[in-house]
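> Need a 3D model of the following:
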Amino acid sequence: MISVDGLTVEFGGSALFSDVSFVINEKDRIALMGKNGAGKSTLLKILAGVREPSRGKVSAPKDTVIAYLPQHLMTEDGRTVFEETAQAFAHLHEMEAEINYDADIEKTLLGLGFKREDFDRQTSEFSGGWRMRIELAKLLLKKPDVLLLDEPTNHLDIESIQWLEDFLIDNGQAVVVISHDRAFVDHITTRTIEVTMGRIYD
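Residues are numbered from 1 along each chain as shown. As a prediction, the model looks like this:
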């Protein structure tokens with residue numbers, strides 16, 4: 001589905017990694033492992049299309065939806081939790097949007113630990129961890145073909161991690177995740193790509 005060909009990233013003359021190639025298949029759930037500074041987050045950003053490699057390319061079928069959860073979020077204020085999460089559907093035309101997606105939003109927010117009374121609170125009232133969950137809810141509701149998650153469990157409690165694990169396993173989309181949470185990785189992933197010394201081991 002997504003193919004990575006000859007990816008090279010250089011910083012000030014030295015290569016972070018070079019000539020990396022692999023394929024992400026339709027239902028792959030991949031753990032991206034490696035030491036800090038090995039280039040995992042950079043690789044994820046390139047897959048997400050928010051960063052360009054020095055050389056090489058990433059190609060995917062043109063209707064592929066890729067959703068990316070960075071480690072550090074930029075959320076805008078001024079919406080309630082529910083309105084912000086509904087932004088996942090902002091791309092739909094009004095006619096389609098009349099189809100009721102409220103139930104999906106509710107189910108996802110409740111799964112990620114929100115209470116019903118939180119739905120009408122402003123996003124600005126919530127800490128970084130909770131805003132991360134709002135962002136995650138939006139990504140999950142987009143039903144992407146590929147979900148790129150950089151340390152998604154950092155701000156989640158046990159119940160929400162459990163919910164996220166089940167969601168990722170049941171939903172059947174491809175996932176590439178960076179996480180220090182060993183149990184989470186072991187539960188959800190079917191494949192490991194290790195970035196080490198500028199190469200990858202699949």
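> Which stretches in the chain count as strands?
Listed in chain order, the strands found in the chain under DSSP state E are 2-11, 14-24, 29-33, 55-59, 66-69, 146-150, 174-178, 191-196, 199-201.
> need these in a markdown table with distance to residue 118, mean pLDDT and mean neighbour count, can you?
Just so you know, the C-beta spots here come from the backbone N, C-alpha and C atoms, and that holds for glycine as well. Converted to a markdown table, those look like this (distance: least, Cβ to Cβ, whole Å; pLDDT from 0 to 100; neighbours: other Cβ atoms under 10 Å):
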| stretch | distance to residue 118 | mean pLDDT | mean neighbour count |
| --- | --- | --- | --- |
| strand 2-11 | 35 | 91 | 16 |
| strand 14-24 | 34 | 89 | 16 |
| strand 29-33 | 29 | 94 | 22 |
| strand 55-59 | 37 | 93 | 15 |
| strand 66-69 | 20 | 90 | 20 |
| strand 146-150 | 23 | 93 | 23 |
| strand 174-178 | 26 | 94 | 23 |
| strand 191-196 | 36 | 92 | 16 |
| strand 199-201 | 41 | 88 | 15 |
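> Go ahead and confirm residue 33 touches residue 192.
Yes - with contacts counted by Cβ atoms under 8 Å, residue 33 reaches residue 192, the gap being 5.7 Å.
> what's the weakest-modelled helix or strand in the chain?
helix 94-97 (a mean of 57; mean pLDDT, DSSP states H and E).
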